[in-house]
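Enquirer: Have a look; sequence and predicted model below, questions after that.
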Amino acid sequence: MVEPPPPVPRWVKVLAAIAALVVAVAILLMAIGGGEHGPGRHVLSPGASPATV
Amino acid sequence: MRLAAGPRKLCLVLHVGTSVGWLGGVTATLSLAATALFADDAGTARSSYSAIETIAWRVLVPLSLGSLGTGLVQAAGGRWGLLQHYWVVAKLLINVLASGVLLLYLQTLERLANAAARNHGDPSPLLHSGAALVLLAVALVLSVYKPRGLTRYGWRKAARRPTGISRDASSARPRP
């Protein structure tokens, strides 16, 4: 009889849930901020006002 | 492939040293980022951003890549394996994520330092260094506690072991 693999430990599920929550919040903040995130948000394009910074 | 005891211990020393150094460097940048954010004058902000940029290039990047490299060798050449235990996989993901964000953020730091007069109200460096500190603290806790849990790959590998080691025993705590 084949033994089933062990279940995923609870601490892994908790960490994964926290990571998913943080990613969701980050996406939400990006959506609220007009998607301005990452290195590009600090780049000053010609004719544009300094972004957020 | 297992490393011999000597190289394995040397690798462990290098991994702990680079990882703890990285944590210290991030703590320093957190302090500088707070200084820049709450500075009353552009000169203080500019100095703080310049210091953060210098620390990032000369301390954080070498230490993060050193931590990643020695961690890979340590895990793959040690008893834990790279993908057999959840805590090792979690640390690997944290390391790759933190190193990747750091490398992407270098350009932003340079621009912040160059335009400090306009930028010293930007909370971005504080948020990024705070997030990095939390991630590295989680990695530190995982390193010390080594919570149990075999991945499916680790479980299959443990099942194939000819030594008769049970899966429970293999998920216990071998010496690093």
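Expert: Yep, that arrived.

Enquirer: Check which element follows the longest helix anywhere in chain B along the chain.
Expert: Longest helix in chain B by number of residues (criterion: DSSP state H): helix B:5-37. Following helix B:5-37 in sequence order, the next helix or strand is helix B:42-55 (DSSP states H and E).

Enquirer: by contact count, what packs against that next one?
Expert: Applying 3 or more Cβ pairs under 8 Å, 6 or more residues apart in numbering or on different chains; DSSP states H and E, one finds that helix B:42-55 makes contact with helix B:5-37, helix B:86-114, helix B:116-119, helix B:124-145. The C-beta positions use only the backbone N, C-alpha and C, and glycine is treated the same way.

Enquirer: what about the longest helix of chain B, distance to the chain center?
Expert: Chain-centre distance of helix B:5-37: 8 Å, with Cα atoms, centre = their mean, to the nearest Å.

Enquirer: Which pLDDT value belongs to the closest residue to B:Ser50 other than its chain neighbours?
Expert: Excluding the flanking residues, the one nearest B:Ser50 by Cβ to Cβ, 6 or more residues apart in numbering or on different chains is B:Ala113, at 4.8 Å. We note a pLDDT of 79 for B:Ala113 in this prediction.

Enquirer: just B:Gly43 next, same as before
Expert: Confidence score, pLDDT, at B:Gly43: 87.

Enquirer: Up against chain A, what does chain B have?
Expert: Within chain B, the positions adjacent to chain A are B:86, B:90, B:104-105, B:107-108, B:111-112, B:115, B:118-119, B:122, B:124, B:138, B:147-150, B:152, B:155-156, B:159, B:167, B:171 by Cβ under 8 Å from any Cβ of the partner chain.

Enquirer: Derive a PyMOL selection command for the buried subset of these.
Expert: To isolate the buried ones among the residues of chain B next to chain A in PyMOL, judged by 16 or more other Cβ atoms under 10 Å in any protein chain shown, type:
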select buried, chain B and resi 86+90+105+108+111+112+115+119+122+124+138+147+149+150+155+167+171
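
Enquirer: residue in chain A nearest to chain B?
Expert: Distances between chain A and chain B by Cβ to the nearest Cβ are smallest at A:Pro9, namely 3.7 Å.

Enquirer: Could you double-check that that residue sits in contact with B:Leu150?
Expert: No. Using Cβ atoms under 8 Å, A:Pro9 makes no contact with B:Leu150, being 9.0 Å away.

Enquirer: Give me the common contacts of these two.
Expert: B:Tyr86 (Cβ atoms under 8 Å, 6 or more residues apart in numbering or on different chains).

Enquirer: what's near enough to touch B:Ala116?
Expert: Here B:Ala116 is in contact with B:36, B:42, B:45-46, B:49 (Cβ under 8 Å, 6+ apart).

Enquirer: of the residues you listed, buried ones?
Expert: By 16+ other Cβ under 10 Å, the contacts of B:Ala116 give B:36, B:45-46, B:49 as buried.

Enquirer: farthest-separated two in those?
Expert: Pairwise distances across these (Cβ to Cβ) peak at 8.3 Å, for the pair B:Ala36 and B:Arg46.
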